[in-house]
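**Student:** can you look at this prediction? I've put the sequence above it.
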Amino acid sequence: MGGILTQTNDTKCYILNTPRDLQPTSVRRSNFQGDTLTAGSVITEPQLFTGMHDMEKRHIDTWTKINYFVVEDMSLDLNFTLNIQQYNNWGYQTNGSFDGLVGALQRQEVDLGATGMLFKADRMMVMDYIGETYHFRATILFRQPSLASVTNIFLQPFSSGVWMCALIMFSIKVVALTVEMKLEWQCQKDGNCRKMRHLKPKKDPNDWGEVVMMVIGAVCQQGFYSPPSSLSARITFLVLWMASLFLFTSYAANVVALLQTPSHLVQSLSDLIKVPMEVGIQDVIYNRVYFRETTDSLAKELYHTKIEPYHERAYYNAVEGMQRVQKGLFAFQVEHTIGYKVISETFTVEEKCGLGNVELIRTPLLGIPIARDSPYKEILSQKLLHLREVGVLDRTFKQWVPQKPSCTNSHHSTSRQFVSIGLEELWSSFSLLWAGAIAALSLLFLENLIRTYSRKRKRFHKFMH
């Protein structure tokens, strides 16, 4: 059989020393005997890149790194050496040929890619894929607009039923106080009330506006210059004050909570297009290509309405974009790996809790590319499947990809950070104040105009007679 039988000294066991060419095919193909394979890797930020194994900067070219480790694990298992060639982009078609890594694979300059790559029909015409690795995610991150910026929070504390009941109660109080103060005034005027004879008769309460102002003063916890004197009216007034106190306390507490509550207005890409929020894009080449090639109608609408008008000013590096997100009313499309890292390091607990995200680029799993008709494709595909089944890919992903930051923090579990209230939150109250001031000045001008007209008319009639 071409083998060599050897008997050991201590036992009668025979060992068959088989040459490599007589070993089973599966055994021979699982050992590349130290051969060197040229692999291409894509580094998009070479000025920040410090090596594949630098955990301090794992957010730099994360998808390249974690896919590189998959290829590195295959090289260790299959006993081959990697000769890494660096490229600045994955490869895009121009005038019928590809640049970047895809172009190198097309020209057979490299054997495979040590990076993940999106599955695209034009690429599959010039190269193959070993298999799928990780799900690429690039989402739009933003802080949800404050509730005050999208709605009138001063109408939110109570339901419509509570508002209606309060209005009915105050209307009843106006009628009751009007009747009671009318009787009180009549009693004082006739001198029939012994306990109130020493009091000067009050103004005729037929002017119900005075009673309305009294009820409004009680509701706003401001009082009134002329409280009632009779026992029945005082009891009515006391009940009005107690009910107003409870309503006012509940209302004020709810307003304070709503001032610091983010809304949940933006839940989809269409919501983001509608709200008055600026949008920025991470300045990487695949984002520009995506908006140029996408067929998604919502993505196109977002691009034409909120990105294209700003030209290059709509593109930011990841850190600058996330800093603008932190300030609010700004949405930034970014790889969630670097986005989550910046959030974990710089955002407060309240800012983390108010974060929202919308998925923009919906892509399948990334794949590891290989030269077309490569003799290594089948064995590498089997090894990649094995690494996935035994959990190596999952372990690498959890080790290198930052997880979504939690909005809970042990340092802030017992106290919340102070949140400043700006003009945006109080705009509706200031609007009411200005509207009241304008209405008051308008009425004052109208009253003076009518009074002046009345005086002149009287003088004219007196002169005529």
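**Tutor:** In hand now; what should we look at? Numbering: from 1, shown residues only.
**Student:** what is the burial count for the residue lying closest to His135 once chain neighbours are set aside?
**Tutor:** Take His135 and drop its neighbours on the chain: the residue closest to it by CB to CB, 6 or more residues apart in numbering is Leu365, 5.3 Å away. Every residue, glycine included, has its C-beta placed from N, CA and C. A count of nearby residues for Leu365, using other CB atoms under 10 Å, gives 13.
**Student:** do the same with the one 3 residues further on
**Tutor:** Residues near Ile368, counting by other CB under 10 Å, number 25.
**Student:** could you do Leu272 as well?
**Tutor:** 21.
**Student:** next one: Val255
**Tutor:** Count around Val255 with other CB under 10 Å applied: 16.
**Student:** excluding its backbone neighbours, what's nearest it?
**Tutor:** Pro157 is the one closest to Val255 (CB to CB, 6+ apart), at 5.9 Å.
**Student:** quick one, what contacts the one you found?
**Tutor:** Residues in contact with Pro157 (CB atoms under 8 Å, 6 or more residues apart in numbering) are Ser250, Tyr251, Asn254, Val255, Leu258.
**Student:** then Pro262?
**Tutor:** Contacts of Pro262 (CB under 8 Å, 6+ apart): Arg143, Gln144, Pro145, Ser146, Leu147, Cys353, Gly354.
**Student:** secondary structure and pLDDT added to these, as a markdown table?
**Tutor:** Below are the contacts of Pro262 laid out as a markdown table (DSSP: H, G, I helix; E, B strand; the rest coil; pLDDT from 0 to 100):
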| residue | secondary structure | pLDDT |
| --- | --- | --- |
| Arg143 | strand | 88 |
| Gln144 | coil | 84 |
| Pro145 | coil | 80 |
| Ser146 | strand | 75 |
| Leu147 | helix | 76 |
| Cys353 | helix | 81 |
| Gly354 | coil | 81 |
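**Student:** between those, which sits nearest Arg457?
**Tutor:** Leu147 (54.0 Å; CB to CB).
**Student:** so the closest one versus Cys353, what's the distance?
**Tutor:** 13 Å (CB to CB, to the nearest Å).
**Student:** more neighbours, these two?
**Tutor:** Leu147 (20 against 17).
**Student:** could I get the contacts of Pro262 in a markdown table, plus columns for distance to Tyr134?
**Tutor:** Formatted as a markdown table, the contacts of Pro262 follow (distance: CB to CB, whole Å):
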| residue | distance to Tyr134 |
| --- | --- |
| Arg143 | 27 |
| Gln144 | 28 |
| Pro145 | 32 |
| Ser146 | 35 |
| Leu147 | 37 |
| Cys353 | 28 |
| Gly354 | 29 |
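**Student:** and these, which of them are buried?
**Tutor:** Arg143, Gln144, Pro145, Ser146, Leu147, Cys353, Gly354 (16 or more other CB atoms under 10 Å).
**Student:** where does pLDDT dip in the stretch 101-250 of the chain?
**Tutor:** 185, 188-207, 224-227 (pLDDT under 70).
**Student:** point to the residue nearest the middle of the protein.
**Tutor:** Gly356 (2.0 Å; CA atoms, centre = their mean).
**Student:** return the residues in contact with the nearest residue to that residue once chain neighbours are set aside.
**Tutor:** Using CB to CB, 6+ apart and skipping the chain neighbours, the partner closest in space to Gly356 is Gln144 (4.7 Å). Listed by CB under 8 Å, 6+ apart, the contact partners of Gln144 are Pro262, Ser263, His264, Leu265, Val266, Gly354, Leu355, Gly356.
**Student:** helices of the stretch 201-350 of the chain, residue ranges please.
**Tutor:** 208-219, 231-259, 269-274, 285-293, 297-302, 318-327, 336-346, 349-353 (DSSP state H, counting those that start in this stretch).
**Student:** any chance of the ones you listed in TSV with distance to Asp61 as columns?
**Tutor:** Listed next are those as TSV, based on distance: least, CB to CB, whole Å:
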stretch	distance to Asp61
helix 208-219	62
helix 231-259	42
helix 269-274	27
helix 285-293	12
helix 297-302	24
helix 318-327	12
helix 336-346	9
helix 349-353	25
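**Student:** wait, which of the ones you listed is closest to Ala437?
**Tutor:** helix 208-219 (17.0 Å).
**Student:** mind naming the longest helix for the protein?
**Tutor:** helix 423-464 (DSSP state H).
**Student:** for that one, packing partners?
**Tutor:** helix 147-150 (3 or more CB pairs under 8 Å, 6 or more residues apart in numbering; DSSP states H and E).
**Student:** list the buried residues of the following helix or strand past the helix it packs on.
**Tutor:** The C-terminal neighbour of helix 147-150 among helices and strands, as given by DSSP states H and E, is helix 160-190. Under the neighbour-count criterion of 16+ other CB under 10 Å, helix 160-190 has 166, 169-170, 173-174, 176-178, 180-182, 184-185, 187-188 buried.
**Student:** ok, stretch 252-271 next?
**Tutor:** Those would be Asn254, Val255, Leu258, Leu259, Gln260, Thr261, Pro262, Ser263, Leu265, Val266, Leu269, for stretch 252-271 by 16+ other CB under 10 Å.
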